[in-house]
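starting from these lines, generate the structure:
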Amino acid sequence: MNKQTAKGFILGVLTIALLLPTIGVLASATTRSIDVTFRNIRIFMDGNEVIPRDGAGNRVEPFVFEGTTYLPVRAVGEAFGRDVNWDATNAIVHLNTPSGIVIPPPPPQQPIPTPPPVVQQSRLLVDVFPEPTSHLGLRNPQQHQGENYTINNRHFPNSLRGVGSRNDFNLTYTLNGQYTLLTGYAGFTATGIAASFDTMGSLKFFGDGVLLTEISLERNVDAVPFSVNLTGVQSLFIEADSDRGAAYVIIGTPRIQ
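This is a model prediction of the structure:
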């Protein structure tokens, strides 16, 4: 290893620092003696050796100072295809792209594909819940769930039927936030005393005690389609009523997803 003393070297003017943090820039030009280490350092770019030379074409050797390797800025700049100019008045090294040479921009980053949303298929409510968590007016779930019922001459398979007489028909389902949508049809056919009147009623859906959807019902009127948003609902409560006597409330072919 050959060690020499370089005198009169102005830091930051003729060299650039690589590999480790650079020495702080001096506020003004100063001259001092420093000890540097020459180790016959060679420069390779993409496997090809770069011979560093100064503006006069003389070979210049890189060196190590206090653990940092310094390379001649002209040699490195020209190796990268830049025009190198030294502004002595302002102590600035200019590395410029040669005129007429267009450096293509980096290729655009390919967007990360977004996976398609998982589409949850709807299922019959009576298949998902063979029996409600609790019920009133659905006296025998095995008898009144999953049967074929008629609303104004339209048949609905896999339906629910209950007696809605002044709020005495209701159903509770424990969903635990696992479902997003309930669809189906609603209506009723009156029996007994109610068959002699234009019976009116309603069907209400509550999610965790909050009214989600309310449907008005009327005897001898076509079934009313409904769609209830169940996102985040833990407990679903369904309540039906009629204004006159006993009326069979039909929830036609309900599906849940």
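
what's the longest helix anywhere in the chain packed up against?
What stands out as the longest helix in the chain, according to DSSP state H, is helix 73-79. Helices and strands touching helix 73-79, by 3 or more Cβ pairs under 8 Å, 6 or more residues apart in numbering; DSSP states H and E, are strand 15-18, strand 43-45, strand 48-50, strand 83-87, strand 92-96. Any C-beta I mention is one placed from the backbone N, CA and C, and that applies to glycine too.

remind me which residues of the stretch 101-250 of the chain are low pLDDT?
101-104, 117-119, 137-146, 163-168, 189-198, 244-247 (pLDDT under 70).

can you rerun that using 80?
For the stretch 101-250 of the chain, the stretches flagged by pLDDT under 80 are 101-106, 114-120, 134-147, 161-169, 188-200, 219-220, 241-248.

could you pull out the strands in it for me?
123-124, 134-136, 145-151, 154-163, 169-174, 181-190, 200-207, 210-218, 224-229, 235-242, 247-256 (DSSP state E, counting those that start in this stretch).

now the fourth one and strand 169-174, what's the angle there?
Orientation check (axes from the mean of the first three to the mean of the last three Cα atoms, to 10 degrees): strand 154-163 against strand 169-174 gives 90 degrees.

how far away from the center of its chain is strand 154-163?
Distance of strand 154-163 from the chain centroid (Cα atoms, centre = their mean, to the nearest Å) equals 41 Å.

can you mark which positions in it are buried?
For strand 154-163, the neighbour count (16 or more other Cβ atoms under 10 Å) marks 156, 158, 159, 160, 161, 162, 163 as buried.

show me the two of those that sit farthest apart.
Of all pairs drawn from the buried residues of strand 154-163, the one with the longest distance (Cβ to Cβ) is 158 and 163, at 19.5 Å.

mean pLDDT lowest where, among the helices and strands packed on helix 73-79?
Ranked by mean pLDDT, those bottom out at strand 15-18, which scores a mean of 38.

moving C-terminal of it, what's the next helix or strand?
Heading C-terminal from strand 15-18, the first helix or strand you meet, by DSSP states H and E, is strand 32-38.

am I right that residue 154 is in contact with residue 223?
Yes: if you go by Cβ atoms under 8 Å, residue 154 and residue 223 touch, sitting 5.9 Å apart.

any common contacting residues for the two?
residue 252 (Cβ atoms under 8 Å, 6 or more residues apart in numbering).

just give me the residue closest to the centre of this protein.
By Cα atoms, centre = their mean, the chain has its centre lying nearest to residue 114, at 8.5 Å.

next up, phi/psi of it, please.
The phi and psi values for residue 114, taken as degrees, to the nearest 10, are phi -90, psi 120.

from residue 154, how far out is it?
As judged by Cβ to Cβ, to the nearest Å, residue 114 and residue 154 stand 42 Å apart.

any idea which of the buried residues of strand 154-163 is closest to residue 43?
Taking the buried residues of strand 154-163 together and measuring to residue 43 by Cβ to Cβ, the closest member is residue 158, at 79.8 Å.

in contact with that closest one, which residues?
So residue 158 contacts 124, 126, 127, 146, 147, 148, 253, 254 (Cβ under 8 Å, 6+ apart).

distance check, it against residue 125.
Taking Cβ to Cβ, one finds residue 158 at 8 Å from residue 125.

now do the domain split for the protein, please.
2-96, 123-256 (automatic domain parsing).

next, format those domains as JSON lines and append distance to residue 107.
Converted to JSON lines, those look like this (distance: least, Cβ to Cβ, whole Å):
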{"stretch": "domain 2-96", "distance to residue 107": "19"}
{"stretch": "domain 123-256", "distance to residue 107": "41"}
